[in-house]
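K.L.:
quick check, what structure comes out for this input:
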Amino acid sequence: MSEVAMEPAAPEAKISERPIAPSQPVIIEDAAVEEIVPVDEPVTVVASSEIDVAVAQFEGKVIEAISTVFDPEIPVNIYELGLIYNIDINGMNDVNIDMTLTSPACPVAGTLPGDVERVVQGVEGVGGVHVELVWDPAWSPDRMSEAAKLELGFM
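P.N.:
The predicted model follows:
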């Protein structure tokens, strides 16, 4: 077996230390290969831009699902109301959502996060779902989308 001389990776290169499972996509981001390791099955190499598109499409499906949830007292979905502060999706399609309510005394505080969890769990391909209710920063009408403001007469 012959040896291949490789230049060292640039300091800004990102090299993943996670193990690669057979049939799992490999993401290469301007990194130099330090070692070639044989695998039992073919490995699919996917361009980073293809992954970005797939993640954006998946996130769009999650947002679409969340947009079916309404505060029963307000005729606008909770996404447009600005109640969703953060959606984090990992490589296993586990979805972590930080959300708030219009008020800590909101009568649906006990049910709305569960509704969000249920509809997101119904998205095809989703792994686990965790919804956390947060209060910082406090919700204000400034967080609403233009469409929600128009619907509720804020414009």
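K.L.:
let me know whether my guess that residue 53 is in a helix holds.
P.N.:
Yes. Under DSSP: H, G, I helix; E, B strand; the rest coil, residue 53 falls within a helix.
K.L.:
ok, it - contacts?
P.N.:
Taking Cβ atoms under 8 Å, 6 or more residues apart in numbering, we find residue 53 in contact with no residue. C-beta: built from backbone N, CA, C; applies to glycine.
K.L.:
could you look up the SS state of residue 118?
P.N.:
Residue 118 falls in the helix class when you classify it by three-state DSSP.
K.L.:
how much space between it and residue 55?
P.N.:
When Cβ to Cβ, to the nearest Å is the yardstick, residue 118 and residue 55 sit 23 Å from each other.
K.L.:
list the contacts for residue 91?
P.N.:
Residue 91 sits next to no residue when contact means Cβ under 8 Å, 6+ apart.
K.L.:
how many other residues sit next to the residue lying closest to residue 74 once chain neighbours are set aside?
P.N.:
With Cβ to Cβ, 6 or more residues apart in numbering as the measure, residue 81 is the residue that lies nearest to residue 74, at 6.5 Å, once sequence neighbours are left out. Neighbours of residue 81 under the rule other Cβ atoms under 10 Å: 24.
K.L.:
please apply the same query to the one 5 residues further on.
P.N.:
Residue 86 is surrounded by 10 other residues when neighbours are defined as other Cβ under 10 Å.
K.L.:
show me the strands in the protein, by range?
P.N.:
If DSSP state E is used as the criterion, the strands of the chain fall at 26-27, 45-46, 84-89, 95-99, 129-133.
K.L.:
residues in contact with the residue nearest to residue 74?
P.N.:
By Cβ under 8 Å, 6+ apart, the residues touching residue 81 are 71, 74, 102, 143-144, 148.
K.L.:
which one of the residues you listed is nearest residue 85?
P.N.:
Of all these, residue 85 sits closest to residue 143, with 8.5 Å by Cβ to Cβ.
K.L.:
please enumerate the helices of the chain.
P.N.:
For the chain, helices defined by DSSP state H occupy the ranges 48-66, 112-121, 146-151.
K.L.:
let's have these in CSV, adding mean pLDDT.
P.N.:
What follows is the helices of the chain, written out as CSV (pLDDT from 0 to 100):
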stretch, mean pLDDT
helix 48-66, 85
helix 112-121, 97
helix 146-151, 93
